[in-house]
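J.: next comes the sequence, and after it the predicted model I'd like to discuss.
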Amino acid sequence: MATLAGMDKIRNIGISAHIDSGKTTLSERILFYTNKIHAIHEVKGKDGVGAVMDSMDLEREKGITIQSAATYCEWKDYTINLIDTPGHVDFTVEVERSLRVLDGAVLVLCSVAGVQSQSITVDRQMKRYKVPRICFINKMDRAGANPFRGRQMLIDKLSHNAHFITYPIGAEDLFKGIVDLVTMKAHYFDGENGEKERVEECPAELVEDCKKSRETLIAAVGEFDDTVGMKYLEGQEVTIDELREAIRKATLSLEFTPVMMGSAYKNKGVQVLLDAVGYYLPSPKQRENYALDQNNNEEKVILASDPTKTLVALAFKLDDGRYGQLTYMRIYQGTVRKGDTIFNNVNDKKVKVPRIVQMHSSEMNDIEEASAGDICAFFGVDCASGDTFGDGKSKLTMTSMFVPNAVISLAIQPKDKTGQTNFSKALNKFTKEDPTFRVHRDEESAQTIISGMGELHLEIYCERIKREYNCEVIVGKPQVAFRETITKPAKFNYTHKKQSGGTGQFGRVAGIVEPLPADAAVNYEFVDDIGGGVIPRNFIPACDKGFQEAIKEGRLIGFPIVGVRVTIQDGAYHDVDSDELSFKTAALMGFREAYEQAGPVVLEPMMKLETQAPEEFQGSVMGQINQRRGMILNSGTNEGYAIIEAEVPLTEMFGYSTDLRSATQGKGEFTMEFLKYSAVPRNVQEEMVKKYQEKKAKG
């Protein structure tokens with residue numbers, strides 16, 4: 001597929017944004033204008049078809065994107081591999097894994113709401129993977145549309161060096177088109193679906209404003225390009241090609257964000273955005289990617305986007321469909337052909353590639369080979385998400401993506417015993433597909449527990465078990481992932497002694513447990529401060545094991561203990577009776593003894609909540625947040641809507657969506673994401689401890 005010459009014309013891009021900013025609508029228009037589809041279907045269309053990129057029934061019913069969908073299209077002489085990602089924070093891993101393999105992105109903002117909470121999360125993810133982006137301010141046809149405020153929010157809230165490269169002709173119901181500030185030409189979009197692009201001179205009444213914006217743009221990109229910088233200072237005219245080159249350099253430096261606007265729903269501005277993707281976003285050759293050489297102490301190796309070099313491909317997403325496992329791959333280096341044998345560099349397994357396809361949402365098109373710069377999918381290649389493949393000549397692995405921790409759990413079981421097989425199959429498939437969906441068995445209660453990113457995340461999986469595996473499930477009460485920790489240092493000095501005829505058990509450990517600093521990268525630290533051989537060296541690891549065993553289950557409410565450093569300073573042993581088990585037990589009991597004295601507290605997950613509702617409901621919305629032990633950090637209004645930012649404990653947030661809807665006549669909406677762990681109030685902790693003790697007494 002990709003040749004080295006043709007690679008300059010490849011663009012691997014993602015479309016990311018806050019929920020309901022119009023990402024899928026934009027993707028749909030892109031496919032239409034690039035002749036990939038011949039009719040436009042809306043996300044919540046009356047025709048019941050739904051958008052092409054929302055291929056799951058659930059996505060079409062709920063009108064949201066749940067899984068990232070990949071497709072490819074041709075625009076002028078560019079090949080664009082496009083991934084439409086979910087906007088809902090519960091499916092954040094889909095955005096994470098897409099940005100991990102993409103070269104550029106389009107950040108979509110709503111022209112009315114501007115930068116919202118999930119826009120901030122997506123922006124953080126783009127920065128994490130150093131992805132250059134173009135910002136597209138969508139929904140210019142809506143009442144209250146204001147791209148100037150959107151740009152200002154990019155600067156204020158996301159610290160972007162953001163500048164317009166297009167200028168709006170009108171707004172709201174008078175939005176007619178855009179002026180390209182590079183060429184100073186006006187673009188209008190005629191025809192039933194805006195497919196006829198008409199280019200004219202800039203409207204007379206906008207010439208002055210557009211000239212000012214163009215000046216500002218030239219000054220901003222002149223910082224990144226000497227030619228344009230000098231011409232700007234000397235007051236000379238900058239040519240179209242020079243300005244495009246400067247915008248490209250500035251965008252690729254990650255220090256500049258070009259801002260465009262349009263209305264995907266009203267078919268305006270999308271073709272100019274496609275041109276900008278070609279002009280300003282990087283080709284695979286312009287992104288620096290590296291792998292770690294496992295045969296050479298994980299030394300960094302810069303990958304060349306060259307089809308002739310050794311193969312390096314990253315499996316970034318798995319989809320277990322009805323024809324078996326489909327593995328989405330980004331080829332970073334080398335070429336792979338149908339029938340080749342490739343090696344999984346993570347577990348050294350070798351596999352044959354029986355089939356390679358290019359994805360168009362849920363449709364597949366067979367291809368013979370894929371090479372550096374391509375995004376494709378392999379059939380029949382079994383692996384885990386994040387595995388790196390090569391051709392056996394070297395052992396390079398790529399760093400995998402960041403996977404956030406789960407914050408909520410549910411007990412789940414099949415309604416009928418007969419559904420057990422399908423139930424297990426479903427859970428196996430989902431854990432393979434989604435690293436943020438976790439399953440474990442609680443030995444105490446003999447229940448299967450699923451954990452994930454939020455209520456909607458787990459609700460979707462329960463629904464999928466029912467639909468895709470024909471297995472009804474019973475769901476228990478949501479369980480929050482609490483933690484325990486200590487607040488002050490405490491000493492321990494414990495002797496474990498057991499004499500029962502013959503060889504006994506003996507071990508003594510003494511030392512101190514103390515809280516780790518708040519910003520520590522680990523949850524547990526073991527320090528060996530033993531001198532003079534009071535505990536033989538071969539028993540030290542057993543002490544560490546004992547402490548690790550102790551932190552698995554706290555004494556307050558039975559949840560794991562985090563943020564502790566344990567230092568052993570003294571001890572004693574017996575020549576005959578001491579063994580590993582003696583010291584492991586002594587450490588376990590010693591820790592428990594100190595834990596009681598170390599000011600133990602229960603920690604709960606705190607969520608960052610952003611609620612939007614019409615202004616007249618502001619009082620009742622704030623009241624609801626306060627009732628749920630929320631702390632309001634910020635509140636403001638925008639176009640008749642109150643926007644309230646708060647920190648709220650996850651425990652108190654169950655059923656919030658129903659309460660919010662009833663308090664705002666169904667007009668309120670919210671987004672929520674994990675922020676941090678913090679201590680629960682004393683009275684709540686006492687209540688929790690009491691309940692836990694009662695449960696233990698019954699058990």
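T.: That came in fine, so what should we check first?
J.: where does the prediction get shaky in the stretch 1-150 of the chain?
T.: 1-5, 39-69, 84, 86-92, 94 (pLDDT under 70).
J.: where do the helices sit along it?
T.: 23-33, 57-62, 92-101, 117-128, 147-158 (DSSP state H, counting those that start in this stretch).
J.: adding mean neighbour count and distance to residue 247, write those helices out as CSV.
T.: All C-beta spots, glycine's among them, are computed from the backbone N, C-alpha and C. CSV is the format used below for the helices of the stretch 1-150 of the chain (neighbours: other CB atoms under 10 Å; distance: least, CB to CB, whole Å):
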stretch, mean neighbour count, distance to residue 247
helix 23-33, 26, 21
helix 57-62, 16, 35
helix 92-101, 25, 22
helix 117-128, 20, 18
helix 147-158, 19, 15
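J.: among these, which comes closest to residue 6?
T.: helix 92-101 (19.4 Å; CB to CB).
J.: list the helices and strands the closest one packs on?
T.: strand 10-17, helix 117-128, strand 312-321 (3 or more CB pairs under 8 Å, 6 or more residues apart in numbering; DSSP states H and E).
J.: closest to residue 383 out of these?
T.: Per CB to CB, nearest to residue 383 of the helices and strands packed on helix 92-101: strand 312-321, 5.2 Å.
J.: and that closest one, what's buried?
T.: 312, 313, 314, 315, 316, 317, 318, 319, 320 (16 or more other CB atoms under 10 Å).
J.: would you agree the third one is in contact with residue 388?
T.: Yes - Residue 314 sits in contact with residue 388 when judged by CB atoms under 8 Å, with a separation of 5.6 Å.
J.: joint contacts of those two?
T.: Here residue 314 and residue 388 have residue 398 as joint contacts, going by CB atoms under 8 Å, 6 or more residues apart in numbering.
J.: where do the helices sit along the stretch 451-600 of the chain?
T.: 455-469, 540-551, 580-597.
J.: how many other residues sit next to residue 298?
T.: By the criterion of other CB atoms under 10 Å, residue 298 has 13 neighbours.
J.: which one is it nearest to, not counting chain neighbours?
T.: residue 292 (4.2 Å; CB to CB, 6 or more residues apart in numbering).
J.: deepest-packed of the helices of the stretch 451-600 of the chain, please.
T.: helix 580-597 (a mean of 21; mean count of other CB atoms under 10 Å).
J.: so, low pLDDT: which residues of the stretch 301-450 of the chain?
T.: Ranges of the stretch 301-450 of the chain meeting pLDDT under 70: 320-323, 361-362, 400-401, 443-445.
J.: helices along that one, start to end?
T.: For the stretch 301-450 of the chain, the helices defined by DSSP H, counting those that start in this stretch occupy 420-433.
J.: mind listing the strands for it?
T.: 312-321, 324-333, 335-337, 341-344, 350-352, 355-360, 363-367, 369-371, 375-379, 388-390, 396-397, 408-414, 438-442, 447-452 (DSSP state E, counting those that start in this stretch).
J.: residue 253: which of the ones you listed is closest?
T.: strand 324-333 (21.7 Å).
J.: how about TSV for the helices of the stretch 451-600 of the chain, with distance to residue 414 and mean pLDDT added?
T.: Formatted as TSV, these follow (distance: least, CB to CB, whole Å; pLDDT from 0 to 100):
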stretch	distance to residue 414	mean pLDDT
helix 455-469	8	86
helix 540-551	33	95
helix 580-597	37	94
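J.: residue 509: which of the ones you listed is closest?
T.: helix 580-597 (4.7 Å).
J.: between the closest one and helix 540-551, how many degrees?
T.: Angle between the axes of helix 580-597 and helix 540-551 is 40 degrees (criterion: axes from the mean of the first three to the mean of the last three CA atoms, to 10 degrees).
J.: what comes into contact with helix 580-597?
T.: 486, 490-496, 498, 505-513, 535, 539, 542-547, 549-551, 554-555, 561, 566, 568, 571, 573.
J.: tell me the buried residues within the residues you listed.
T.: 486, 490, 492, 494, 496, 505-513, 535, 539, 542-547, 550-551, 554, 561, 566, 568, 571, 573.
J.: those in strands, which ones?
T.: 490, 492, 494, 496, 505-513, 566, 568, 571 (DSSP state E).
J.: now the helices of the stretch 451-600 of the chain in JSON lines, with distance to residue 335?
T.: Below are those laid out as JSON lines (distance: least, CB to CB, whole Å):
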{"stretch": "helix 455-469", "distance to residue 335": "35"}
{"stretch": "helix 540-551", "distance to residue 335": "46"}
{"stretch": "helix 580-597", "distance to residue 335": "53"}
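J.: check which helix or strand the nearest residue to residue 615 once chain neighbours are set aside maps to.
T.: Distances taken as CB to CB, 6+ apart place residue 642 nearest to residue 615, at 5.0 Å, with adjacent residues excluded. Following DSSP states H and E, one finds residue 642 within strand 641-649.
J.: parallel or antiparallel, list what pairs with the top strand by length along the chain.
T.: In terms of residue count, the longest strand belonging to the chain (DSSP E) is strand 601-614. Strand 601-614 has the following strand partners under DSSP bridges: strand 483-485 (antiparallel), strand 641-649 (antiparallel), strand 669-679 (antiparallel).
J.: need the winner for burial among these.
T.: Of those, strand 483-485 is the most buried (mean count of other CB under 10 Å), at a mean of 22.
J.: so how far is it from its chain's centroid?
T.: 26 Å (CA atoms, centre = their mean, to the nearest Å).
J.: right, so the strands of the stretch 301-450 of the chain: which one is the most enclosed?
T.: strand 388-390 comes out most buried of the strands of the stretch 301-450 of the chain by mean count of other CB under 10 Å, with a mean of 25.
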